[in-house]
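> pasted the sequence and its predicted model underneath.
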Amino acid sequence: MSNPLLRVDNLTMMYGDRVGCKDVSFELRPGEVLGIVGESGSGKSTLLRSISAQQEPTKGTVQYNTRIDGVCDVYQMSEAQRRLLMRTDWAFVHQNPRDGLRMNVSAGANIGERLMAIGDRHYGNIRSNADAWLGKVEIASERIDDLPSTFSGGMQQRLQIARNLVTSPRLVFMDEPTGGLDVSVQARLLDLLRGLVHDLNLAVIIVTHDLAVARLLSHRLMVMQQGKVIEHGLTDQVLDDPQHPYTQLLVSSILQN
């Protein structure tokens, strides 16, 4: 078994007396997809932000096995080191693609910017890479100079994915990546994501309220309630034989709809 790419220990985020997330621990290995599910307000998005260095937790550690320096505590890194990590080896896919794209520059420039952020200055290489990644996310090459505002919501989401993955990150955070999309568009996007995760051997943490999305994409599942992980196991095992009453309620509510 490979060494963990990410190790989270006793992660806690408090907002005064209110619990964002509390005492969360897990490991994630290369190629593994961890789903985090729960109702709105359960703490799943707070946990994702705390792991992905967007807000420093109240206590606990986030350790990442970097390419160069080995295992490092993310919150002991300098701000510059964290920013470099987030531009290169990590990626974050937002629910609203407009939060992850620059809407006033072309599709190709959106992808190229991330390459320029890691030092690529060869225009031909950048444009060629952008064109290749448009193809990988099923966007026609002739749209490379079009603004994202001219794209549909599903295309914007695929463009955001291309922008994120062009630097070959090993860890991808996804916050409700199919939220707000029509069912048919969701299905196409999920097929694309599943293929990319497999082909690129990505480690992924995906937050979703949709158990069908969790089942399709994730290998393991964590169920959160009131900031705490109340059930954790293989996805099919958790969804087919839920042990905690809250998980049973989540699953049964889906079956009834």
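It's in. Numbers count the residues shown, from 1 in each chain.

> now stretch 84-91: average pLDDT?
Average pLDDT, stretch 84-91: 92.

> adjust the sequence numbering to begin at 8 for everything that follows.
I'll keep to 8 as the first residue from here, and by that count the last item is stretch 91-98.

> quick one: that stretch to chain centroid distance?
12 Å (Cα atoms, centre = their mean, to the nearest Å).

> do stretch 156-175 as well
Distance of stretch 156-175 from its chain centroid, counting by Cα atoms, centre = their mean, is 13 Å.

> ok, stretch 50-64 next?
Mean-position distance between stretch 50-64 and its chain equals 12 Å (Cα atoms, centre = their mean).

> pull the CA atoms of stretch 57-74 into CSV?
What follows is stretch 57-74, C-alpha atoms only, in CSV (Å, rounded to 0.1, in the frame of the first residue of the first chain):
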residue,chain,number,x,y,z
SER,A,57,-9.7,23.9,6.6
ILE,A,58,-7.9,21.1,4.8
SER,A,59,-7.3,23.1,1.6
ALA,A,60,-5.5,26.0,3.5
GLN,A,61,-8.3,28.5,2.9
GLN,A,62,-8.9,29.0,6.6
GLU,A,63,-6.5,28.0,9.4
PRO,A,64,-8.2,25.5,11.9
THR,A,65,-8.5,26.1,15.6
LYS,A,66,-6.5,23.0,16.3
GLY,A,67,-5.2,19.8,14.6
THR,A,68,-2.8,19.2,11.7
VAL,A,69,-2.9,18.8,8.0
GLN,A,70,0.2,17.0,6.7
TYR,A,71,0.9,16.7,2.9
ASN,A,72,3.5,14.5,1.3
THR,A,73,5.2,17.1,-1.0
ARG,A,74,7.1,16.2,-4.1
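
> how far does it sit from its chain's centre?
14 Å.

> equivalent analysis for stretch 47-59, please.
For stretch 47-59, the distance to the chain centre is 12 Å (Cα atoms, centre = their mean).

> and stretch 27-46, by the same measure?
Worked out by Cα atoms, centre = their mean, stretch 27-46 lies 11 Å from the chain centre.

> can you list the buried residues in it?
27-29, 31, 33, 35, 38-45 (16 or more other Cβ atoms under 10 Å). Every C-beta, even on glycine, is put in place using the N, C-alpha and C of the backbone.

> closest to residue 87 out of these?
Distance to residue 87, by Cβ to Cβ, is smallest for residue 35 among the buried residues of stretch 27-46, at 24.5 Å.

> got the phi/psi numbers for that closest one?
Reported as degrees, to the nearest 10, the phi and psi values for residue 35 are phi -130, psi 130.

> hang on, it packs against residue 41?
Yes. Residue 35 is in contact with residue 41 according to Cβ atoms under 8 Å; the separation is 5.6 Å.

> give me the common contacts of the two.
residue 212 (Cβ atoms under 8 Å, 6 or more residues apart in numbering).

> ok, and what's touching stretch 226-238?
Counting by Cβ under 8 Å, 6+ apart, 20, 26-31, 33, 39-46, 49-51, 53-54, 221, 239-242, 245-246, 249-251, 253-254, 257 sit against stretch 226-238.

> go with 6 Å
Stretch 226-238 is touched from outside by 26-29, 31, 39-45, 49-51, 221, 239, 241-242, 245, 251, 253-254, with contacts defined as Cβ atoms under 6 Å, 6 or more residues apart in numbering.
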